[in-house]
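> Based on what follows, work out the 3D shape:
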Amino acid sequence: MSQQSAHHSKAFQVRQALWALQKEVLNSLKEEFDREVGYQAAPTEWFQVLMTAERYIWLRELTSLMADIDIMTELEFITDQHASTARSEIERLLFDQNATDADSFAKQYNGLLMSGASLLPLHSQLRATLQHLPQAEISKDQAAAERKSWQEEHRHQARKKRN
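Numbers count the residues shown, from 1 in each chain. So this is what the prediction gives:
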């Protein structure tokens, strides 16, 4: 068994904070949906709406990032570059105040953030946990390539474990 890097526990804390925030985002959206339709939608109906409704397409960026963060935290060794890319991507998605696209994740998320107090503590907690990861300036394209390398590294490690 290989030794884990110093970034593993911090990356896992970021992962947990991100999961808590996503759960609250989904809860807030479900409450809004239930108010609009006039009844409490069953979990299967809500899931179907999330997957198919155009109005929730903006969530895919968060879901994709979370899947990649999950993969990164499962790597045998988390490098400075892994950790700084994770931080950069989360900050770009959740904390960038310069979003211009009307349908962008940031615009939708910031609207949710301002509409209720339930997200604010989790948003703050995530920001605080991110401070423990190294910081680096990285372009969106560089980050995308790095995230793809996590997936490849994860597949390679999984194959190695099976053999």
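> so what secondary structure elements neighbour the helix or strand of the chain with the lowest mean pLDDT?
The helix or strand of the chain with the poorest confidence is helix 105-115; it has a mean of 87 (mean pLDDT, DSSP states H and E). Contacts defined by 3 or more CB pairs under 8 Å, 6 or more residues apart in numbering; DSSP states H and E place helix 105-115 against helix 7-37, helix 60-73, helix 80-95. Where you see a C-beta, it was placed from the backbone N, CA and C, and this is true even at glycine.
> Find the one among those with the highest mean neighbour count.
helix 80-95 (a mean of 20; mean count of other CB atoms under 10 Å).
> tell me what that one is packed against?
The elements that helix 80-95 packs onto, with contact taken as 3+ CB pairs under 8 Å, 6+ apart, are helix 7-37, helix 60-73, helix 105-115, helix 120-130, helix 140-162.
> Pull the residues that contact the third one.
Pointing back at helix 105-115 there. Helix 105-115 is contacted by residues 25, 28-29, 58-59, 61-62, 93-94, 96-97, 99, 101, 119-120, 123 when judged by CB atoms under 8 Å, 6 or more residues apart in numbering.
> Got phi/psi on Gly38?
Backbone torsions of Gly38, given as degrees, to the nearest 10, read phi 90, psi 10.
> So what's the residue count around it?
The tally of other residues near Gly38 (other CB atoms under 10 Å) stands at 6.
> Before I go, just wanted to say thanks for your time.
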